[in-house]
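Visitor: Quick one: sequence and predicted model below, then my questions.
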Amino acid sequence: MSRKQFIVGEKDIYLNDIRFFLEDFPEIILHEDIKDKIISSRKIIDDIVNSSKTVYGVNTGFGKFADVHIEKEETAELQRRLVLSHAAGVGNSMPIDIIKLMMLLKIKNLSQGFSGVRLELVQLLVEMLNNDI
């Protein structure tokens, strides 16, 4: 028997979609149109990094360091440090179904084409869910 599918596309995710996801654990599929949006969004970021434009959070610091320009060679380190600065958790572990739901919603959020992430990142999150990781 083939596994049910949950297609992440243009349409919003509603409560009945969440129920389906949590109860049936379908295979997550990225719609081709979404892949194109992610790729287009990433191209904008790549173009900024390869240009002389200054864009907050892409090649500048954050907050009080917003006016500090980050050289192209240092932007990867800037992004790595940003991730590390947010990579903390406290308290009890979250239930697995809530973690999976957060991952699904992160996939949906990153698939909107506004974040500039690489398609490979979103595909990795999809693969993790599809392989129960």
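Guide: Perfect, I can see it now.
Visitor: from here on, contacts and neighbour counts on C-alpha atoms
Guide: Will do.
Visitor: remind me which residues of this protein are low pLDDT?
Guide: Residue ranges of the chain with pLDDT under 70: 1.
Visitor: Quick check, central residue of it?
Guide: Leu110 (3.7 Å; C-alpha atoms, centre = their mean).
Visitor: so who does it touch?
Guide: 38, 117, 122 (C-alpha atoms under 8 Å, 6 or more residues apart in numbering).
Visitor: Against Ser93, how distant is Val117?
Guide: 27 Å (C-alpha to C-alpha, to the nearest Å).
Visitor: Likewise for Ser51?
Guide: 43 Å.
Visitor: and stretch 23-36, C-alpha only, in PDB?
Guide: Output in PDB follows, covering the C-alpha atoms of stretch 23-36 (Å, rounded to 0.1, in the frame of the first residue of the first chain):
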ATOM      1  CA  GLU A  23      -2.800  11.200  12.400                       C
ATOM      2  CA  ASP A  24      -1.800   9.700   9.000                       C
ATOM      3  CA  PHE A  25       1.900  10.700   8.900                       C
ATOM      4  CA  PRO A  26       1.900  11.200   5.100                       C
ATOM      5  CA  GLU A  27       4.900  11.600   2.900                       C
ATOM      6  CA  ILE A  28       5.700  15.400   2.500                       C
ATOM      7  CA  ILE A  29       6.100  16.500  -1.100                       C
ATOM      8  CA  LEU A  30       7.200  20.000  -2.200                       C
ATOM      9  CA  HIS A  31       5.200  21.200  -5.200                       C
ATOM     10  CA  GLU A  32       7.300  22.200  -8.100                       C
ATOM     11  CA  ASP A  33       6.000  25.800  -8.000                       C
ATOM     12  CA  ILE A  34       7.200  26.100  -4.400                       C
ATOM     13  CA  LYS A  35      10.700  24.900  -5.400                       C
ATOM     14  CA  ASP A  36      10.800  27.600  -8.000                       C
END
